[in-house]
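K.L.:
one predicted model, sequence on top.
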Number of protein chains: 2
Amino acid sequence: SPQSAARTEPGGHSLAVAAVLPAGGCGERMGVPTPKQFCPILERPLISYTLQALERVCWIKDIVVAVTGENMEVMKSIIQKYQHKRISLVEAGVTRHRSIFSGLKALAEDQLNSKLSKPEVVIIHDAVRPFVEEDVLLKVVTAAKEHGCTDYDLEFGTECLQLALKYCRTKAKLVEGSPDLWKVTYKRDLYAAESIIKEIISQEICVVMDSKEDNKHVGHLLEEVLKSELNHVKVTSEALCLAGRHLQQIILDQCYNFVCVNVMTSDFQETQKLLSMLEESNLSILYPVVVVSVHFLDFKLVPPSQKMENLMQIKEFSKKVKERNILLYGLLISYPQVGKMFIF
Amino acid sequence: SPQSAARTEPGGHSLAVAAVLPAGGCGERMGVPTPKQFCPILERPLISYTLQALERVCWIKDIVVAVTGENMEVMKSIIQKYQHKRISLVEAGVTRHRSIFSGLKALAEDQLNSKLSKPEVVIIHDAVRPFVEEDVLLKVVTAAKEHGCTDYDLEFGTECLQLALKYCRTKAKLVEGSPDLWKVTYKRDLYAAESIIKEIISQEICVVMDSKEDNKHVGHLLEEVLKSELNHVKVTSEALCLAGRHLQQIILDQCYNFVCVNVMTSDFQETQKLLSMLEESNLSILYPVVVVSVHFLDFKLVPPSQKMENLMQIKEFSKKVKERNILLYGLLISYPQVGKMFIF
Ligand SMILES: [Mg+2]
Ligand SMILES: [Mg+2]
């Protein structure tokens, strides 16, 4: 799951590890005025994804981000909005070299007012590589700890290695990364990153039903249809029951897609209950949550004007929850007694 | 526009230019079983986009594609389905070298039954680089013609240069490409390519109205709303008039998105007319065409069941035109007399 906390510690014991992220670039290759680390992907800045990737690795104690003075306030608001933890900010230098230096200096200094602890190993990680996995970080740290920095690395590796040795007296080593560790450089890379993130948050759909016991509930039917139509997607169904722990657990396990099927009631209250649970969970802080509220109606029996009034409410709620990064859609299904159903 | 034919000839006069596409790769880095050149983007194989990019350059007389024996039939069906022209197929070798060699040999041979003319300049182009522009091809050909292949290029350029000289007695030179010329290598590159193509075909929306004279037509209102909501998108409106040349011209100019607004009639006939025009135009051979058929209804006045029956037809038509790569959606709008409108 995209946010799950890492439990493995490097070497099986506690090692002081920190990370430095140079994020002073201005993104001139992207062809857009915004520096690439601040370009939005699903409305969240790229650097927030990178911070999230490092943050979930619990054995990285401190994350130091080097940003330019003019982007300092933007960076602070990103940290606040997306609730990032263990982040310290330093001012970036005019080059990537100098930015890394500033980050290392902040970690090396034994200032009284510093909350940072001096690390044994420092990971230097680009702010524009959001898809870093724990295993490669573990490999980096283990290699650094066991072998230290060799002459070969210093000669043929990147600039970071020499800086780490010089200013932090910390050994560094070059470790091969996976293709997933790629850098967002061009506009097409933003497109690719967006698609990868959409893939990550589209792995599960939960069909929420307003009835607990009914085995013939249309939600079960929908679950079966979705299962057969959507390969590679985990489809579950769950009764909307505030007392029950199941739905809470599904939200906690980071399912980002919900279809709320209303057959027992004709109003919007059940969907509202789900929305409240989602809002309380803070699930939507990092990724958008999609909720489709499905309502049934036999147009031959019920005057639709009344039903329409209820559905109008969805627009209002939709506007309200959009601010919380929850995307609410309403769906009216004509459900004549012959049992055929059509969706438009 | 994505398909427009190139009119500039290299050097201002007729020069015999051909292209060779090595497409024998097996795409092991993609992490998918399909060779990357055959991976679908909007349901069309990647190599078809590359062929399209070369094909629209009218001064490239022949395009020789080297594919492995097992993919020969797949390649033939792609050429037929997407109506590619000036393509010849040769069997790929076990290496990229050998594939290029096969392509060059086919061009160099003076066989009686060969429809290929011996070129002065040969462009070697990867099958997995779909976004090649005419200007870079022109640069390549001009450089090849004017300077020929230098010793430096032969030493430090790619393998293709030496092969071209050795087997085709054709001079080659290394020319710097733009970042757009990038190679589809990983799965994320397929995502990026898809987004780029979607961007290309989303540059224009045409609102089609069922009334010619009415200035208060809701289509005009929709046009204004779309114009203010969608930046970077060209929004036009046009009356659905078979005799008129305007809509035909818009289709010819490759607009891929249509909203058909029906206020005069309550049936589906106007949308059907538009669909017929689109089918006849062959516009949807290379890219999907989206048509949204909008219908109005005051639920307080009209019994919706009857209207629903009409809308059910959309599902049938939708299924039918989907086979022609036209994506048809129906939209029912409650339009009460107070003048407020809502969409769900
Ligand atoms: Mg940077
Ligand atoms: Mg290849």
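P.N.:
Here it is on my side, so go on. Numbering: from 1, shown residues only, chains lettered A, B, ... in the order given. Ligands and ions are numbered 1, 2, ... in the order given.
K.L.:
show me where pLDDT drops low in the stretch 151-300 of chain A?
P.N.:
A:151-177, A:212-213, A:242-244, A:265-266, A:298-300 (pLDDT under 70).
K.L.:
within range of chain B, give me the residues from it.
P.N.:
Counting by Cβ under 8 Å from any Cβ of the partner chain, the stretch 151-300 of chain A comes close to chain B at A:179, A:182, A:186, A:188-189, A:191-196, A:299-300. Backbone N, C-alpha and C define where each C-beta goes, glycine included.
K.L.:
pull out the buried members of those.
P.N.:
Buried residues within those, counting neighbours by 16 or more other Cβ atoms under 10 Å in any protein chain shown: A:182, A:186, A:188-189, A:191-196, A:299.
K.L.:
which pair of those residues spans the longest distance?
P.N.:
Maximum pairwise distance among those (Cβ to Cβ): 51.9 Å, between A:W182 and A:F299.
K.L.:
before we move on, the earlier item: closest one to A:R129 out of the residues of the stretch 151-300 of chain A next to chain B, please.
P.N.:
Of all these, A:R129 sits closest to A:W182, with 6.8 Å by Cβ to Cβ.
K.L.:
isn't that closest one right up against A:V128?
P.N.:
No: here A:W182 does not reach A:V128: they are 9.5 Å apart, not a contact under Cβ atoms under 8 Å.
K.L.:
A:V64 in helix, strand or coil?
P.N.:
A:V64 falls in the strand class when you classify it by DSSP: H, G, I helix; E, B strand; the rest coil.
K.L.:
any idea how far B:I78 is from it?
P.N.:
Distance, A:V64 to B:I78, using Cβ to Cβ, to the nearest Å: 52 Å.
K.L.:
just the element for A:T236, please.
P.N.:
Assessed by DSSP states H and E, A:T236 sits inside strand A:234-239.
K.L.:
what segments of the stretch 101-250 of chain A are helices?
P.N.:
A:134-146, A:151-156, A:159-168, A:187-201, A:218-229, A:246-252 (DSSP state H, counting those that start in this stretch).
K.L.:
can I get the ones you listed in CSV including distance to A:A23?
P.N.:
Supplementary listing: the helices of the stretch 101-250 of chain A in CSV, determined by distance: least, Cβ to Cβ, whole Å:
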stretch, distance to A:A23
helix A:134-146, 18
helix A:151-156, 24
helix A:159-168, 14
helix A:187-201, 16
helix A:218-229, 40
helix A:246-252, 31
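K.L.:
next structured bit after the helix or strand A:V259 falls within?
P.N.:
Here A:V259 sits within strand A:257-262, counting by DSSP H and E. For strand A:257-262, the following helix or strand on the C-terminal side (DSSP H and E) is helix A:269-281.
K.L.:
for that following helix, output the C-alpha coordinates as PDB.
P.N.:
These are the backbone C-alpha positions of helix A:269-281, laid out as PDB (Å, rounded to 0.1, in the frame of the first residue of the first chain):
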ATOM      1  CA  GLN A 269     -28.100  10.000   4.200                       C
ATOM      2  CA  GLU A 270     -26.100   6.800   3.800                       C
ATOM      3  CA  THR A 271     -23.700   8.400   1.400                       C
ATOM      4  CA  GLN A 272     -23.300  11.300   3.900                       C
ATOM      5  CA  LYS A 273     -22.400   8.800   6.600                       C
ATOM      6  CA  LEU A 274     -19.700   7.400   4.400                       C
ATOM      7  CA  LEU A 275     -18.400  10.900   3.600                       C
ATOM      8  CA  SER A 276     -18.200  11.600   7.300                       C
ATOM      9  CA  MET A 277     -16.100   8.500   7.900                       C
ATOM     10  CA  LEU A 278     -13.800   9.400   5.100                       C
ATOM     11  CA  GLU A 279     -13.400  13.000   6.300                       C
ATOM     12  CA  GLU A 280     -12.600  11.800   9.800                       C
ATOM     13  CA  SER A 281     -10.000   9.300   8.500                       C
END
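K.L.:
how far out from the middle of the chain is it?
P.N.:
21 Å (Cα atoms, centre = their mean, to the nearest Å).
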